[in-house]
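In: turn this into a model:
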Amino acid sequence: MHFKDFFVYTEIVRCGPIGTIALRSFFTFHPEQKVHVFGLESDRTAVAEFPNVIFHSMDDPITKLESWGTKGFLHRAKMIRRSRQIAKNFDEAHLGTASLWAHLIQTRPEKFFIHFDSDVVFRGPALADLTDRLIGGYDLVGPPRGYKNNPNKRDDVRHLTDITQTCFFGFNATKINQHPYNVLVNMCRGYYNPLGTPVIDFFDPVSFEILHNNGRIFYLSTDDYGGCNLEGNRINKYPKLNAIIDFGDKFAHFSAVGSGLNFYENADQIKKDVPDIYIKYAIEKYAIYAKLFLNRNIGIKYDAKKYAPLLKIKKWY
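Out: Below is the predicted model:
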């Protein structure tokens with residue numbers, strides 16, 4: 001097994017200041033690893049400092065046609081149109097991410113995919129936790145996403161298998177059935193499950209299909225990666241920190257800070273159907289993130305007592 005069998009990627013769309021922290025922390029512990037970064041042409045400068053980033057511009061794919069396929073003129077034209085549509089889909093948040101992931105699953109040659117969100121911070125070497133398990137025969141590896149003891153208290157899914165979060169995880173793409181592109185987009189988005197069961201979140205239908213095709217699953221330790229454990233609680237060796245964000249020895253995941261950045265900088269463009277409670281939550285998360293990593297006070301009040309455990313951390317990575 002060679003490392004060329006692994007496709008390591010993330011998306012940084014209009015959130016350069018956040019994505020930069022994710023990449024800087026990743027390369028602190030994995031300095032030789034190449035990472036494919038998907039963004040808009042306007043995001044290119046945010047990643048220019050990283051020599052191991054392979055940047056794919058979605059709204060200007062002509063500069064990197066190999067990112068989108070080069071099999072003849074008509075195929076090239078189709079891929080350029082698709083990449084620009086994917087870029088446009090990012091105006092609708094998860095639709096953009098789902099469109100991109102479906103395209104990559106159908107076009108990339110690698111067997112194993114490894115993804116991390118742009119709002120994570122690596123606190124230790126983590127990549128081998130995925131690659132070693134994938135090489136060892138597992139097909140879905142990541143922090144647990146509990147269905148039996150789901151924190152949403154949904155009774156309609158308790159009979160289903162526990163799967164994994166997608167903020168940092170790996171999967172075997174050969175265990176995914178061939179689907180029309182638009183069908184796979186809706187599966188990645190969590191809107192359609194060919195198996196007919198309800199799902200909780202993004203990518204879950206694809207995860208269930210991997211397991212349905214005799215895929216094996218491995219759950220990463222919540223002491224290392226934080227979040228909810230399979231018992232449905234957030235208890236790990238960092239109870240105060242993990243109660244605020246997903247926090248462990250090797251990893252922290254802030255969630256919503258990308259949305260918070262966009263809401264803060266583009267308040268006039270917030271869609272009417274976005275709940276006010278989520279806007280407030282996301283902007284507050286971005287405010288504490290900006291304080292911790294960007295040394296910025298953006299003028300948004302947050303509960304200093306609540307976030308005190310995060311503010312006490314002297315070194316994140």
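In: domain ranges for this structure?
Out: In terms of domains, the chain is parsed into 3-225, 256-311 (source: automatic domain parsing).
In: okay, the ones you listed in JSON lines with mean neighbour count next?
Out: (Each C-beta comes from the backbone N, C-alpha and C, glycine too.) Shown next, in JSON lines, are the domains of the chain (neighbours: other CB atoms under 10 Å):
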{"stretch": "domain 3-225", "mean neighbour count": "18"}
{"stretch": "domain 256-311", "mean neighbour count": "15"}
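In: worst mean pLDDT among those domains?
Out: Lowest mean pLDDT within the domains of the chain: domain 256-311, at a mean of 90.
In: quick one: the strands in the stretch 151-300 of the chain, in order.
Out: Applying DSSP state E, counting those that start in this stretch to the stretch 151-300 of the chain gives strands spanning 163-164, 168-172, 217-219, 246-247, 251-253.
In: and these as CSV, adding distance to Phe27?
Out: Below are these laid out as CSV (distance: least, CB to CB, whole Å):
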stretch, distance to Phe27
strand 163-164, 24
strand 168-172, 15
strand 217-219, 25
strand 246-247, 21
strand 251-253, 15
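In: look up how far Gln165 lies from the most centrally placed residue in the chain.
Out: Computing the C-alpha centroid of the chain and ranking residues by CA atoms, centre = their mean puts Asp117 first, at 3.1 Å. Noted for Asp117: a distance of 9 Å to Gln165, by CB to CB, to the nearest Å.
In: with Ile313 instead?
Out: 22 Å.
In: what's the nearest residue to Ile283 if we skip its chain neighbours?
Out: Spatial nearest neighbour of Ile283, chain neighbours left out: Gly260 (4.7 Å); criterion: CB to CB, 6 or more residues apart in numbering.
In: same deal with Lys237?
Out: Nearest non-adjacent residue to Lys237 (CB to CB, 6+ apart): Asp223, at 4.8 Å.
In: residue contacts, the one you found?
Out: Contacts for Asp223 were tallied using CB atoms under 8 Å, 6 or more residues apart in numbering; they are 236-238, 248-249.
In: ok, and the most crowded of the residues you listed?
Out: Using other CB atoms under 10 Å as the neighbour test, the contacts of Asp223 are led by Gly248, with 24 neighbours.
In: quick check: that one touching Asn229?
Out: No: Gly248 lies out of contact with Asn229 (CB atoms under 8 Å); the separation is 11.0 Å.
In: just tell me which of the domains of the chain ends up closest to Asn242.
Out: Nearest to Asn242, of all the domains of the chain, is domain 3-225, at 7.7 Å by CB to CB.
In: off-centre distance for the strand or helix carrying Ile80?
Out: In the assignment (DSSP states H and E), Ile80 maps to helix 73-89. Put simply, helix 73-89 sits 22 Å off its chain's centre (CA atoms, centre = their mean, to the nearest Å).
In: just stretch 270-282 next, same as before
Out: 20 Å.
In: check contacts around the residue nearest to Gly16 when sequence neighbours are not counted.
Out: With CB to CB, 6+ apart as the criterion, Gly16 has its nearest non-adjacent residue at 2.8 Å, and that residue is Ala46. Residues counted as contacts of Ala46 (CB under 8 Å, 6+ apart) are 12, 16-17, 19-20, 39.
In: in strands, which of these appear?
Out: Under the assignment DSSP state E, those contribute Gly39 to strands.
In: now the two most distant members of the contacts of Ala46.
Out: Pro17 and Gly39 (12.8 Å).
In: how near is Val141 to Lys175?
Out: 12 Å.
In: over to Asn150?
Out: 23 Å.
In: returning to that earlier point: of all the contacts of Ala46, which comes closest to Glu284?
Out: For these, the nearest to Glu284 is Pro17 (16.7 Å; CB to CB).
In: in contact with the closest one, which residues?
Out: 46, 261, 290, 294.
In: redo these as JSON lines? Include distance to Gly146.
Out: Output for the contacts of Pro17, formatted as JSON lines (distance: CB to CB, whole Å):
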{"residue": "Ala46", "distance to Gly146": "34"}
{"residue": "Leu261", "distance to Gly146": "29"}
{"residue": "Ala290", "distance to Gly146": "31"}
{"residue": "Leu294", "distance to Gly146": "33"}
